[in-house]
Structure formats: C-alpha cells, structure tokens
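Colleague: no sequence for this one, just the structure:
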C-alpha cells in the first residue's frame, strides 16, 4: 500500500486531533501498537508518553543551558537573553548538530526506537545527530532594568507552515543526515508517475523536555493532511516550477502559500515533558509563538530505516556534510548496544582508523620532510561589485531586501567609510531604512544602541537583528523576484523563513568588530563542521556579500 495514496481529487476535510481534559494532545503508551497505528494513520502524527524519564529531561535542560552559558547566556538572567544563537525565529537552537552527553543518551531511547520501528515496519534503523529547540518567554521579562510586560521580538515567526517533503521530487529534509533525491528526473515527471518513492514513509520526531501548554508555544500541524499530499501537489501544479527548479533553495522544504485554505486547519499540539512526537513529513507543520512566562525546550530526534537509500550515516565524516565524527562524541557518553547500532558507531570508528592509517602512509611515503609539513594558512577576502543597474542584485545592507540580514548598524564602529565606501554600500539608504523600520516596528519608540550607528549620531533605531545566511539576495529573472542563498533561487515571498521572518541573531560585543553570525556557509577543505562568519573580521567595502569561506 502506498504511504501517500492518490484519491483522484483534492477535497481535504480537516480532522482535528483530540486533546485530554488537562489540555494536552492525546498520547499513548508505546505498548499500545493498535492505538498508535490508528492515530498515526488518521492524523499523520502520534505522541507516546515517557519516551525518556523526567530526570533525563532535567539533565538535558541543564546541559543545554551549560552550552548557552559559553556564549554568556544565563537561564536566570533575562538581560542576557539578547545574545541568542541563530534560529530563534523558528524555535531552533543554532544551526549545528549537538553532541551533549544527555542528548546522545536520549537518541538511544528504546521507547523512541520502538516507536519509529513500529511505524516503519523495520527495526534496523539509524539515528541522526540533530540539535535542540528553545523558545524564550515573552511575558514579564526584565530588560534594561525594567520589567517588560511583553517582548514580541522573542517570538517565533507567526503562522509559519511548511512541508519538509517536496511533493514534486519526494526529497525530504535531511535532518543532519546526508541525503540523496530518490528520483533525479522527478521535476519533469507527471505527479501520477512517481511510483515507488510514494510507497516510502518519511517521518520526523520531537522530544519534549518541558510540559508545554498551548500558550508556551511549540509544534503545530494540519492533522490528516498527509493523505491528500499528492492531490494537493496536482491541484497546485503552478507551484512546481519554483519548488523544483535547478539549484532551487532547499528543495526539500516547501512553504504553504499564505492564501491556502489548508492554513485554516492548523492545530496546536501541547505535550507533556518526556513525551515524544513522530509526524509524517507530508504533514504541513511549523512552530507557533510563545505567549507565556515559561520556556519551551525540545530535542529533535529522527530515525530512518538503514535500507532507505535516501539517507546515509550521520557519523562517517566522508559521507556527512556536517562532519560529525565518532571521535566527536563526548567522553561522558557511554553508548548502549542499541546506541552503537543506531549510530553505526563501529563502522564510523573503523572508518576513522582507516583514514588515520592512510594519512600516516602518505606521510611516510613523502619522507622526513613530507612527514612534517610546514604549517601555512591560506587566507583570502572575497569582494564582488556589480553595476547598481543590474536588476539581478539588491543592496547588501537593507535588511528587508537581503536574506543576509547584514544591517548598517552592524558595521564595526572602528570602520569609517570613505565617500566611495558609502556609495558602494548605499549606506545612507540603509540607515534611513533602519530608522523607518525601527519606527514602524516599535510604534515610534527608540532604543539606545550599544555601539551607536557608527557614523555620527550614536542613536540606532533597531528592529530585531537577523542571522546571516550567505551572499546577496538575488532576484530570479524568470520569476520576477527571488532570493539567493548559496546557489539557490526562490521567490522572496516563499523564502525560508522570509525577508522579515529570518531567525533573530544576537551578536558578540561590538567592540570586537566581529559578529556571531552562524551563516549557511558550509566549512570545506580540512575544516570540520560549518564555517562561522564570526571567525573572520567583516569587511564593509563593497556592495555584495559579507562572506567567509576560507579554503
């Protein structure tokens, strides 16, 4: 039976999931296989209780806060919550996998493994190495020595609803696995001819670390929509081009149009601490904002059948774009037998040993001089200028038009632009835009900037700052407007998360002249992990990308 059948017509009828008397979504004991299967088939998601213990939740919360403390964020001091990692506008904590000991132990939970195995009909699974998600409280927060009744800039994007499985290519989000598109010719195939890929279930998972009532923010979705995904794709054939173009931005993620009636069926899913939610990747979903004085904290965990050719192991470095190696696992984590299998740890360790032997052999073959190479760095600066009349490019600094979200007020105070520099950066326009944006966002209130505007007045009217991704915003001539991230083209209105909706990014103290911008630039060459733009001094001399990619 196909995991995503076609009914022949698109006639979606909302199917709200039941809640308990205390306001949480109905959950199950993992032993209730019949109940779990029926609920998952009906609504496209299911929640099991006690996936990990309350103590495991508390340990994970403590360790996550410990990782935040490194960047100066104190769980008990709301004045420090400004310095939040990338991802706050979508409820995620940073852009890199997290290997904290407690998070590693959660990934080998027998309950979570049993649930994924039950739904996939296969217990030979591999687990990913993902991150945590945290939403800050937004009510009664102390900032600047004063108690603020409401802090809207701490909230995630409202009404963010998307698919993590492209219904025209069947490519699903990687979740820190390496992934391959199942059907290379899918973009030009009729939807009815997809065949085998539509028989393959795609799922994702969320572990709740705190009790989350509806007002605390969290996961929302459109229950029951997974049964209509193929019919929806046919009915929305006009969206195929911008979601399957060559080099399209993140073709595994599709934004649900703002005017799609399916948005009216979005349901919020409150959950208890220690419970685990698995949802079908064909389910429109997202995060809804926190409207309370409490935190929301989760861990993302996903397991897939090892036989699924679309995913490769998370740990073996040569196959993982995120370069998490077996030797990166924390010493305090002692994997269980199940954990070793899920991580394919023995294979990963064997790979590292073989890699080390190859390196040693190359050094011995090169002789004494080759065995001790001279250490040299290569360091370059990337600068690009384009004609202002070129319609393919927009200014680098004006935030509402730039996926990079580099703002005029982000330029280091020690940089005094020349007249040529001001023209190249279109600095006067950018500063004027920031003043107008801040005035509109704050209802006319002004806020003293820690660094001033760096160019005279010392006052910067600042809207929430945003994360850098990569390079310029670039318009697609074919589509009449688009955004650029890496080699990706997609209309601005459908960009992820969107011009005014990108994750808020708080920087390091401005005196350093550096930002803490966790961008989308992937580390290459000998580096491990992702390139952090904070590692290099930002330049401000050209209209173009604030771009770091050392090789």
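Modeller: Ah, there it is. Keep in mind the model is a prediction, meaning the values are calculated, not measured.
Colleague: phi, psi for residue 114 please.
Modeller: For residue 114, the backbone dihedrals (degrees, to the nearest 10) come out as phi -60, psi -40.
Colleague: just list the residues touching residue 94, thanks.
Modeller: 85, 86, 87, 131, 518 (C-beta atoms under 8 Å, 6 or more residues apart in numbering). (Each C-beta comes from the backbone N, C-alpha and C, glycine too.)
Colleague: of those, which pair is most distant in space?
Modeller: 131 and 518 (11.2 Å; C-beta to C-beta).
Colleague: joint contacts of these two?
Modeller: 94, 95, 96.
Colleague: report how many residues lie close to the last one.
Modeller: Translated: residue 96. 19 (other C-beta atoms under 10 Å).
Colleague: and what of the one 10 residues further on?
Modeller: Close neighbours of residue 106, defined as other C-beta under 10 Å, add up to 22.
Colleague: now it: how far from residue 391?
Modeller: For residue 106, the distance to residue 391 (C-beta to C-beta, to the nearest Å) stands at 49 Å.
Colleague: so which of the contacts of residue 94 is the most crowded?
Modeller: Result: residue 86 is most packed of the contacts of residue 94 (other C-beta under 10 Å), 26 neighbours.
Colleague: that one against residue 71, yeah?
Modeller: No: Residue 86 lies out of contact with residue 71 (C-beta atoms under 8 Å); the separation is 11.2 Å.
Colleague: show me where the stretch 201-350 of the chain has strands.
Modeller: 203-208, 218-221, 254-255, 267-268, 276-280, 285-288, 296-300, 303-305, 311-312 (DSSP state E, counting those that start in this stretch).
Colleague: also the stretch 1-150 of the chain?
Modeller: For the stretch 1-150 of the chain, the strands defined by DSSP E, counting those that start in this stretch cover 45-48, 125-127, 132-135, 139-143, 146-150.
Colleague: would you turn those into a markdown table with mean pLDDT?
Modeller: Compiled in a markdown table, these are given as follows (pLDDT from 0 to 100):
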| stretch | mean pLDDT |
| --- | --- |
| strand 45-48 | 98 |
| strand 125-127 | 95 |
| strand 132-135 | 96 |
| strand 139-143 | 88 |
| strand 146-150 | 89 |
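Colleague: mind putting these into JSON lines with mean neighbour count and distance to residue 116?
Modeller: Formatted as JSON lines, the strands of the stretch 1-150 of the chain follow (neighbours: other C-beta atoms under 10 Å; distance: least, C-beta to C-beta, whole Å):
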{"stretch": "strand 45-48", "mean neighbour count": "26", "distance to residue 116": "11"}
{"stretch": "strand 125-127", "mean neighbour count": "23", "distance to residue 116": "6"}
{"stretch": "strand 132-135", "mean neighbour count": "26", "distance to residue 116": "19"}
{"stretch": "strand 139-143", "mean neighbour count": "14", "distance to residue 116": "36"}
{"stretch": "strand 146-150", "mean neighbour count": "10", "distance to residue 116": "39"}
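Colleague: which one of those strands lies nearest to residue 415?
Modeller: strand 139-143 (28.4 Å).
Colleague: which residues touch that closest one?
Modeller: 78-79, 81-82, 147-151, 154, 291-293.
Colleague: just these now: which is nearest residue 53?
Modeller: Closest to residue 53, out of all of those and judged by C-beta to C-beta, is residue 292, at 24.8 Å.
Colleague: that closest one - nearest residue in space that isn't next to it in sequence?
Modeller: residue 215 (4.5 Å; C-beta to C-beta, 6 or more residues apart in numbering).
Colleague: hmm, residue 293 and the one you found touching each other?
Modeller: No: contact status for residue 215 versus residue 293: not in contact, 9.3 Å apart, counting by C-beta under 8 Å.
Colleague: the two: who's more crowded?
Modeller: residue 215 (18 against 12).
Colleague: residue 303 versus that one, what's the distance?
Modeller: Distance, residue 215 to residue 303, by C-beta to C-beta: 31 Å.
Colleague: would you map the helices across the chain?
Modeller: In the chain, the helices defined using DSSP state H lie at 33-43, 54-69, 101-106, 110-120, 229-235, 240-244, 337-343, 345-371, 419-425, 427-441.
Colleague: mean confidence (pLDDT) on the longest one, please.
Modeller: Taken as a whole, helix 345-371 has an average pLDDT of 81.
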